[in-house]
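Undergrad: Pasted the sequence and its predicted model underneath.
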Amino acid sequence: MSRKTTNLNKPKTHSDRSVLPKNHESAQFQLAQYVGFFAVGYILASAIFMMIQTKLALNSQLVTVLSIIIGAYIAVSKFIKHQQRALSKSEINRLMFGGVAVVWLLTAIYFLGIWFFLFDAVNREVLIEMAMQQPLPLISALVMILVLTFISARISILALNHLLNPKRKTG
């Protein structure tokens with residue numbers, strides 16, 4: 001004969017602030033989808049700007065910022081269209097960090113592709129020697145582009161979230 005144990009825990013109510021919504025876990029995984037939209041928008045914009053740069057000389061920082069803005073627009077607009085609400089502060093932060101991480105991952109893959117498939121041994125050795133002799137300009141350029149990507153992602157996600165907010169339009 002089996003016995004059932006009784007649950008002595010108090011029932012979870014909506015007034016308890018420690019209780020997370022039922023769809024909290026799915027909301028975290030669902031945000032990864034919008035980081036993917038951010039990445040797709042960034043890749044498409046970067047590819048278009050690379051084609052434009054064959055005909056026109058464009059500033060690389062401007063291209064990076066515009067590509068991030070386009071990626072942020074696609075991610076935020078898809079989120080608002082699917083969820084019928086604006087992003088919360090924590091979702092903005094997660095989308096920003098995820099988007100910048102994707103941008104830097106894609107940049108690393110791009111650089112490794114150039115390093116292995118485009119450069120020959122002489123080019124690699126020259127680049128390594130330059131980096132060893134004067135590492136400060138390279139490090140400062142990397143820090144500046146990292147700061148630029150974080151700032152442009154943050155500002156563009158915040159601005160687009162505010163501009164595309166469905167409650168602001170109807171209210």
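TA: Yes, it's here.

Undergrad: From now on I want contacts and neighbour counts done on CA atoms only, so please keep to that.
TA: Fine.

Undergrad: Okay, and the residue nearest the centre of the chain sits in which element?
TA: Most central in the chain under CA atoms, centre = their mean is Gly99, positioned 0.6 Å from the mean C-alpha point. Assigned by DSSP states H and E, Gly99 falls within helix 89-113.

Undergrad: hang on, Asn161 packs against Ala86?
TA: Yes - under the contact definition of CA atoms under 8 Å, Asn161 touches Ala86, with a separation of 6.0 Å.

Undergrad: In terms of secondary structure, what does the helix holding Gly99 contact?
TA: The criterion is 3 or more CA pairs under 8 Å, 6 or more residues apart in numbering; DSSP states H and E, and the helices and strands that helix 89-113 contacts are helix 24-53, helix 135-163.

Undergrad: one step back: need the contact list for the residue nearest to the centre of the chain.
TA: Listed by CA atoms under 8 Å, 6 or more residues apart in numbering, the contact partners of Gly99 are 35, 38-39, 153.

Undergrad: For Arg168, see how far away it is.
TA: Per CA to CA, to the nearest Å, Gly99 is found 25 Å from Arg168.

Undergrad: got it, and Lys81?
TA: Counting by CA to CA, the gap between Lys81 and Arg168 amounts to 14 Å.

Undergrad: Name the residue in those two with the higher neighbour count.
TA: The residue with more neighbours, out of Lys81 and Arg168 and counting by other CA atoms under 10 Å, is Lys81; that gives 14 against 10.

Undergrad: what's the angle between the helix or strand containing that one and helix 135-163?
TA: Mapping Lys81 onto the secondary structure by DSSP H and E places it in helix 60-83. For helix 60-83 against helix 135-163, the angle between stretch directions is 30 degrees (axes from the mean of the first three to the mean of the last three CA atoms, to 10 degrees).
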